[in-house]
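Chemist: Mind folding the following:
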Amino acid sequence: MRKISTFRGFTLIELIMVIGILSVIGTIAVSIITITLRGAKKTDLLNFANQNGDGALSQMVKNIRYAQTLNAPASCVPTTTTNSITITSSSDHLPTTYSCAGGTISSNSASLVDTNSLTVSSCSFVCSQPSVLIPPIITIQYVLSPKTGGGSFETNFTLPFQSSVTLRNY
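Modeler: Okay, the predicted model is just below:
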């Protein structure tokens, strides 16, 4: 007598259920990877903007702190807010003008930030001096944002910068 083997396979409903479960798992995995990559992109953009902003700010602070003279504004009594400041360098005795115009910060017309990808807004120099016997205090403040904001969260940010510096050679 021959044995008849019973070969049991999967039903159509079982196969559809497995495909559905794998689809859900795949969708969740792709979403997690996408969110991670978008977060990494925002971190890279913020780091780039932070490096640009810190570099520009530290260059201005260093040069203003050790400036030989403050040329413009001519007087900081009373407090003056302006979009440019001119100093005479103590090292080379040449005038240097820092200005905020056209979405950038420049030093003698050379941009201090990457103008291809960043825009400067709310930029100002505040010069204050309680009396003519006290050295002036220059407060530099500006905001960096991406040049093309786009609609996604990773390309939209504003990064504020501010520092105050007292002229030492006044």
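
Chemist: Make sure Ser124 is indeed in a strand.
Modeler: Yes - counting by DSSP: H, G, I helix; E, B strand; the rest coil, Ser124 is located in a strand.

Chemist: Can you identify each of the helices in this protein by residue range?
Modeler: 12-65 (DSSP state H).

Chemist: And the residue nearest the centre of it?
Modeler: Nearest residue to the geometric centre of the chain (Cα atoms, centre = their mean): Ala49, 2.9 Å.

Chemist: check contacts around it.
Modeler: Listed by Cβ atoms under 8 Å, 6 or more residues apart in numbering, the contact partners of Ala49 are 118, 144-146, 157, 159. Where you see a C-beta, it was placed from the backbone N, CA and C, and this is true even at glycine.

Chemist: any idea which of those is the one closest to Gly26?
Modeler: Phe157 (31.4 Å; Cβ to Cβ).

Chemist: quick one: the closest one from Ser91, how far?
Modeler: According to Cβ to Cβ, to the nearest Å, Phe157 and Ser91 sit 36 Å apart.

Chemist: do the same with Val30
Modeler: In terms of Cβ to Cβ, Val30 sits 57 Å off from Ser91.

Chemist: again, but for Ala40
Modeler: For Ala40 relative to Ser91 (Cβ to Cβ), the value is 41 Å.

Chemist: do Lys62 as well
Modeler: From Lys62 to Ser91 the distance is 11 Å (Cβ to Cβ).

Chemist: cool, and Ala110?
Modeler: 17 Å.

Chemist: What of Asn169?
Modeler: Taking Cβ to Cβ, one finds Asn169 at 11 Å from Ser91.

Chemist: Are there residues contacting both of those two? Which ones?
Modeler: Jointly contacting Asn169 and Ser91 under the rule Cβ under 8 Å, 6+ apart are Tyr66.
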